[in-house]
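Asks: Predicted model and sequence follow; I will ask about them next.
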Amino acid sequence: MPSRILDFVPDMVRQAALRQGVANVEVDTSATSMASIPSALKEAYRAGNYQTIQEYNDKSTSDMNPIYENIHQNQDGAFFKIHNESDNRDYWMSISGDWLKPDGYMWCYCPDSASSGRAATTMVAQVGTFSTNAQTLGISNKILESSWSNVTSSTMATVLASIVGKYLYNRISGMVIDQAAASATAAAGEYLVEAGIISSAFWAGIAGTAAGLIVGAVVGAAAYYLVSYIADFVSRDYWVGVNIHNWETDTTYTVTDYYFDNAQISGGGVFQEETLTNGGSEVVLPNGMATTDQNIFSYVVLFMKNVNTIFEGLGVAFKVVSADGKSGFLLKYKCPRFGDNTLGLTGDISQSVTDYYNDDSTWASSGSYNTQTTISGTGVSILGTTNALSGLSSHLYQFDINIGLQPTATFAQKPDSTPQRTVRSIPERPALPRVPHLDETVRLPNGELSRVIAGPAPTNRAKL
């Protein structure tokens, strides 16, 4: 039976997404990151209109930053437990805004997935986000190994929320990825065993893989907001974010290779191949819902920062290859400490990624905010757009790559002005959301009230 993107999110998030016009599209939910955006934002990508793109980014970060502020203050105490009626499972959620009418949602949920190529139903670890004001939804799913199947999905969601809250807290506090994951996993395991939530035998069986699983689950849905929060409130390094969106309905791509020029993966991570599954093509909504445009894509988020920070910027390049290995494209982005950024995009994979980065003939013309190409042999359109060439006070530069979108007639036009992110000073940090407590009620997007069955999560008291 086909899986659809909103079949794998909690009920209250599904209700909010459907009310905002998110399409319930067929997807492969086995182990990937998927997103849904409104039509206006999709058209902005086609037009290379970064003013509109930035407006949506600002809306979504405004909705999500208070959740990260809550995590920064309270670790996994930012989450509360709620019951999902459709599959009779409990999961953990954190919200921003009025808890009777939330603006932003983050959740840790463990649904089942009967994905293509898998004979048996398996449990999935899912971290998701939804911004009400930007109408953007992102989920990251990681298939759980068989050793994790000895507990219920509700218990597994508790394990997931405990580690995720601590991991994000550690990353905000400056720990590198491996250290943050190891510390969060150890602290969560100690508490969960002592509290009798899981057995010591079960924890011994999964502890070795827990850190890697949690990092994988967080990378997709939460990575953009994590780095955005750190860039606003913690760090003033130079950052380059490469966001690759696959809109193709019949082709899967993999980011197979990289080249870094004074760059490193944000948080000290190690490059790993990342897969962009093909999107869905059939829109099926519950009875009574209006049909909407399909705006579902799979995505990869790659954030890099400069290694040497004294008067040095950074540069990156990546190779993206189709599933059959016969076609693909190369992309590159250079962010110097002085002067304008430059970008490149080529629909051919014959060069090594190192040679491509150092080939001066393959950069877009000076002053370009947008670049486009087609993949040799398939003719698939690839669009690239950057938010700025220099001068951003946040030092967070983004290169958005869209596979399979056709450009509009205005794509190559330069913006009238550089869209600036709103950088918040310390006195303007996001307001700390109030976390609902046991037996209090949260108003769901459909207007109904749902009782909180536990929360805030008590595990924030566990020593890090």
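Replies: Cool, the structure landed.

Asks: which residue ranges form the strands in the stretch 101-250 of the chain?
Replies: Along the stretch 101-250 of the chain, the segments classed as strands by DSSP state E, counting those that start in this stretch run 101-109, 112-113, 122-131, 136-143, 239-246.

Asks: let me redo that: the stretch 251-400 of the chain
Replies: 253-261, 263-265, 274-276, 296-306, 314-322, 328-335, 342-346, 370-374, 381-386, 396-403.

Asks: from those strands, which stretch is densest packed?
Replies: strand 328-335 (a mean of 26; mean count of other CB atoms under 10 Å). To be clear about C-beta, it is placed using only N, CA and C from the backbone, and glycine gets the same treatment.

Asks: which helices and strands sit right next to it?
Replies: strand 239-246, strand 253-261, strand 314-322, strand 342-346, helix 353-357, strand 381-386, strand 396-403 (3 or more CB pairs under 8 Å, 6 or more residues apart in numbering; DSSP states H and E).

Asks: tally of neighbours for residue 201?
Replies: 9 (other CB atoms under 10 Å).

Asks: So it versus residue 153, what's the distance?
Replies: 19 Å (CB to CB, to the nearest Å).

Asks: what stretches of the stretch 101-250 of the chain score poorly on pLDDT?
Replies: The model of the stretch 101-250 of the chain has pLDDT under 70 over residues 112-122, 145-147, 149, 214, 216-221, 232-236.

Asks: Is it possible to get JSON lines of the strands of the stretch 251-400 of the chain that adds distance to residue 71 and mean pLDDT?
Replies: Compiled in JSON lines, the strands of the stretch 251-400 of the chain are given as follows (distance: least, CB to CB, whole Å; pLDDT from 0 to 100):
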{"stretch": "strand 253-261", "distance to residue 71": "28", "mean pLDDT": "96"}
{"stretch": "strand 263-265", "distance to residue 71": "21", "mean pLDDT": "91"}
{"stretch": "strand 274-276", "distance to residue 71": "25", "mean pLDDT": "88"}
{"stretch": "strand 296-306", "distance to residue 71": "18", "mean pLDDT": "88"}
{"stretch": "strand 314-322", "distance to residue 71": "27", "mean pLDDT": "97"}
{"stretch": "strand 328-335", "distance to residue 71": "28", "mean pLDDT": "97"}
{"stretch": "strand 342-346", "distance to residue 71": "33", "mean pLDDT": "98"}
{"stretch": "strand 370-374", "distance to residue 71": "35", "mean pLDDT": "96"}
{"stretch": "strand 381-386", "distance to residue 71": "29", "mean pLDDT": "96"}
{"stretch": "strand 396-403", "distance to residue 71": "20", "mean pLDDT": "94"}
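
Asks: how about those in JSON lines, adding distance to residue 211?
Replies: Putting the strands of the stretch 251-400 of the chain into JSON lines (distance: least, CB to CB, whole Å) gives the following:
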{"stretch": "strand 253-261", "distance to residue 211": "22"}
{"stretch": "strand 263-265", "distance to residue 211": "16"}
{"stretch": "strand 274-276", "distance to residue 211": "18"}
{"stretch": "strand 296-306", "distance to residue 211": "19"}
{"stretch": "strand 314-322", "distance to residue 211": "25"}
{"stretch": "strand 328-335", "distance to residue 211": "30"}
{"stretch": "strand 342-346", "distance to residue 211": "34"}
{"stretch": "strand 370-374", "distance to residue 211": "38"}
{"stretch": "strand 381-386", "distance to residue 211": "33"}
{"stretch": "strand 396-403", "distance to residue 211": "27"}
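
Asks: quick one: which of those is nearest residue 193?
Replies: strand 263-265 (31.9 Å; CB to CB).

Asks: Please name every helix or strand in contact with that closest one.
Replies: strand 296-306, strand 314-322.

Asks: who touches the helix or strand harbouring residue 46?
Replies: Here residue 46, judged by DSSP states H and E, is contained in helix 39-47. Surrounding helix 39-47, the residues in contact under the criterion CB atoms under 8 Å, 6 or more residues apart in numbering are 49-50, 52-53, 56, 134, 136, 245, 292-293, 295, 383, 385, 400, 402, 405-408, 410-411.

Asks: May I see the PyMOL selection of the buried members of these?
Replies: Typed into PyMOL, the line below selects the buried ones among those, using 16 or more other CB atoms under 10 Å:
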select buried, resi 49+50+53+56+134+136+245+292+295+383+385+400+402+405+407+408+411
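
Asks: Chain neighbours aside, what residue packs nearest to residue 403?
Replies: residue 246 (4.7 Å; CB to CB, 6 or more residues apart in numbering).

Asks: again, but for residue 176
Replies: Spatially, and ignoring its direct neighbours in sequence, residue 176 is nearest to residue 268 (3.3 Å; CB to CB, 6+ apart).

Asks: these two touch, right, the one you found and residue 174?
Replies: No. Residue 268 lies out of contact with residue 174 (CB atoms under 8 Å); the separation is 10.6 Å.

Asks: How about the secondary structure of residue 405?
Replies: Following DSSP: H, G, I helix; E, B strand; the rest coil, the label given to residue 405 is coil.

Asks: ok, so what distance separates it from residue 46?
Replies: Taking CB to CB, one finds residue 405 at 5 Å from residue 46.

Asks: where do the contact lists of these two overlap?
Replies: With CB under 8 Å, 6+ apart as the test, residue 405 and residue 46 both reach residue 383.

Asks: returning to what we had before: export the helices and strands packed on strand 328-335 as TSV, with columns for distance to residue 85.
Replies: As requested, these are exported to TSV (distance: least, CB to CB, whole Å):
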stretch	distance to residue 85
strand 239-246	33
strand 253-261	37
strand 314-322	41
strand 342-346	46
helix 353-357	48
strand 381-386	41
strand 396-403	37
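
Asks: between the helix holding residue 46 and strand 296-306, how many degrees?
Replies: Orientation check (axes from the mean of the first three to the mean of the last three CA atoms, to 10 degrees): helix 39-47 against strand 296-306 gives 60 degrees.

Asks: and the residue nearest to residue 403, how many neighbours?
Replies: With other CB under 10 Å as criterion, residue 246 counts 24.

Asks: Give me the longest helix you can find in the chain.
Replies: helix 200-233 (DSSP state H).

Asks: Throw the helices and strands packed on strand 263-265 into TSV and include distance to residue 339, thanks.
Replies: TSV is the format used below for the helices and strands packed on strand 263-265 (distance: least, CB to CB, whole Å):
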stretch	distance to residue 339
strand 296-306	15
strand 314-322	12
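
Asks: Determine how far the last residue of stretch 193-202 lies from the first.
Replies: Start and end residues of stretch 193-202 are separated by 9 Å (CA to CA, to the nearest Å).

Asks: Show me where the stretch 1-150 of the chain has its helices.
Replies: 11-19, 39-47, 50-74 (DSSP state H, counting those that start in this stretch).
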